[in-house]
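K.L.:
my questions concern the predicted model and sequence given below.
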Amino acid sequence: MDPGKVVNMIYRSRAPLRIGLAGGGTDVSPYSEEFGGAILNACISLYAYASIEEISGNEIIFEALDRREIQSYSISNSIPLTGELDLLKGVYNRICQDYHFPKSAFRLSTYVDAPAGSGLGTSSTLVVAIIGAFVEMLKLPLGEYDIAKYAYEIERKDIGLAGGKQDQYAATFGGINFMEFYKDEKVIVNPLRIKQDYLNELENNLVLFYTSTSRESATIIKEQQKNVVQKNQQSLDAMHSLKEQAFRMKEALLRGRLHEIGEILNFGFIQKRKMAENISNEKIEEIYQTAMNAGANGGKISGAGGGGFMIFYCPGNTRFNVIQSLSQFGGEVKPFHFTKQGLNSWTTQSINDESKN
């Protein structure tokens, strides 16, 4: 190699975002502890990325490339959470605490294919991706369940963000999964073996529409949690119905009864609105009804609700009419494919010419 050129190691990872198909919200405490939750979700070809690059000097640099945010700190075992780049800092702090890191300067860079607050599990998936980069760098002995639980603890307990458990497990495992949630934070991930023909048809008939609005999911989730604690019967009945929806969706997919998918989604849309205020609003209702009038026979709000992405099931060739009808709202139809692979990490190199500095 030419004199003056320095090789730096880069540790990369990516984890897939997910769409929830049924059972959304039943993975959130305290409902999952008291009644047991069930969710069916599918990972898609949109990702969260993380890279850790060794650099010279004595700084730690945190950078969210998609949000154009960057902060730097002197090497330390703990970085203060300031409300900016807290997901990056939170993972770093926990890794330092548990694995006696760091020993040298580095740059942690992230990027997500969908905006924060869009309902595809972006925050949790990003946490999983960041952990994956550290696992690759430090050769940590963590399996899939370990990483998913680690991500949950960092996001929900260390950083204090409200939410459920499904996103961390979906991002780590990948594929289409039926997940069960119980007390003592017990989670069981059941990968579904769905025939490829069924998956092709499902993928063809689903339209993923970004409403061009994001929302703060924590507010909605906290109200949902409050309704469980206070035994709000309407909210509890809705959650029970959504858990039932997850079982119905699993059976329909495994047995190829795709003609039932729209009806099952529509059932969930009706029930989800009863869980908490602000899950739906006037714009969401207008978008939903427009899609239904154009040929969709069911749909849902992705994530906690209030905005972000919506999903519609469009049987036959109705997807094209539905897409055209949604254009009036100024949002974006996002192409996607289902992906079987979950968290994936690897190592590469960068060559820097020090003589140019």
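P.N.:
That came through, no problem. Numbering: from 1, shown residues only.
K.L.:
now the strands for the stretch 101-250 of the chain?
P.N.:
106-112, 176-181, 187-191, 206-210 (DSSP state E, counting those that start in this stretch).
K.L.:
partners of the last one, with directions?
P.N.:
Right, strand 206-210. strand 309-313 (antiparallel), strand 332-333 (antiparallel) (DSSP bridges).
K.L.:
for that strand, what is the average pLDDT?
P.N.:
Mean pLDDT, computed over strand 206-210, is 96.
K.L.:
now do the longest one
P.N.:
Strand 106-112 comes out with an average pLDDT of 97.
K.L.:
returning to what we had before: out of the strands paired with strand 206-210, indicate the one that is most buried.
P.N.:
Among the strands paired with strand 206-210, strand 309-313 has the highest mean neighbour count (mean count of other Cβ atoms under 10 Å), at a mean of 25. Every C-beta, even on glycine, is put in place using the N, C-alpha and C of the backbone.
K.L.:
any idea which helix or strand comes after that one?
P.N.:
helix 319-326 (DSSP states H and E).
K.L.:
C-alpha coordinates for that following helix, CSV please?
P.N.:
Output of helix 319-326 as CSV, limited to C-alpha atoms (Å, rounded to 0.1, in the frame of the first residue of the first chain):
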residue,chain,number,x,y,z
ARG,A,319,-54.5,-1.9,-6.7
PHE,A,320,-54.0,0.4,-9.7
ASN,A,321,-57.4,2.2,-9.1
VAL,A,322,-56.6,2.5,-5.4
ILE,A,323,-53.1,4.0,-6.1
GLN,A,324,-54.6,6.5,-8.6
SER,A,325,-57.3,7.5,-6.1
LEU,A,326,-54.8,8.1,-3.3
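K.L.:
begin at 808 from now on, thanks
P.N.:
New numbering, starting at 808: the last item is helix 1126-1133.
K.L.:
related to what we said a few turns ago, now the strands paired with strand 1013-1017 in JSON lines, with mean pLDDT and distance to Val919?
P.N.:
Shown next, in JSON lines, are the strands paired with strand 1013-1017 (pLDDT from 0 to 100; distance: least, Cβ to Cβ, whole Å):
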{"stretch": "strand 1116-1120", "mean pLDDT": "96", "distance to Val919": "13"}
{"stretch": "strand 1139-1140", "mean pLDDT": "94", "distance to Val919": "16"}
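K.L.:
let me have these in TSV, extended by distance to Glu992.
P.N.:
Converted to TSV, those look like this (distance: least, Cβ to Cβ, whole Å):
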stretch	distance to Glu992
strand 1116-1120	27
strand 1139-1140	36
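K.L.:
among those strands, which is nearest Arg821?
P.N.:
Closest of the strands paired with strand 1013-1017 to Arg821 is strand 1116-1120, at 19.4 Å (criterion: Cβ to Cβ).
K.L.:
tilt between the closest one and helix 1126-1133?
P.N.:
Using axes from the mean of the first three to the mean of the last three Cα atoms, to 10 degrees, the inter-axis angle of strand 1116-1120 relative to helix 1126-1133 is 140 degrees.
K.L.:
residues making contact with strand 1116-1120?
P.N.:
826, 828, 921, 925-927, 1012-1018, 1068-1069, 1072, 1091, 1094-1095, 1098, 1103-1110, 1129, 1141 (Cβ atoms under 8 Å, 6 or more residues apart in numbering).
K.L.:
what subset of those residues is buried?
P.N.:
826, 828, 921, 925-927, 1012-1018, 1068-1069, 1072, 1091, 1094-1095, 1098, 1103-1110, 1129, 1141 (16 or more other Cβ atoms under 10 Å).
K.L.:
was I right about Ile877 contacting Ile867?
P.N.:
No: between Ile877 and Ile867 there is no contact under Cβ atoms under 8 Å: 11.6 Å.
K.L.:
settle it for me: which of these two has more neighbours?
P.N.:
Ile867 (22 against 14; other Cβ atoms under 10 Å).
K.L.:
what distance do you get for the residue nearest the centre of the chain to Asp1004?
P.N.:
Closest residue to the average C-alpha location of the chain: Gly928 at 1.9 Å, with Cα atoms, centre = their mean. Distance, Gly928 to Asp1004, using Cβ to Cβ, to the nearest Å: 27 Å.
K.L.:
residue contacts, Thr1155?
P.N.:
So Thr1155 contacts Met816, Ile817, Arg819 (Cβ under 8 Å, 6+ apart).
K.L.:
how confident was the prediction at it?
P.N.:
Reported pLDDT for Thr1155: 96.
K.L.:
now do the buried residues in the helix or strand harbouring it.
P.N.:
Using DSSP H and E, Thr1155 sits in strand 1151-1160. Neighbour-count burial for strand 1151-1160 flags Ser1152 (criterion: 16+ other Cβ under 10 Å).
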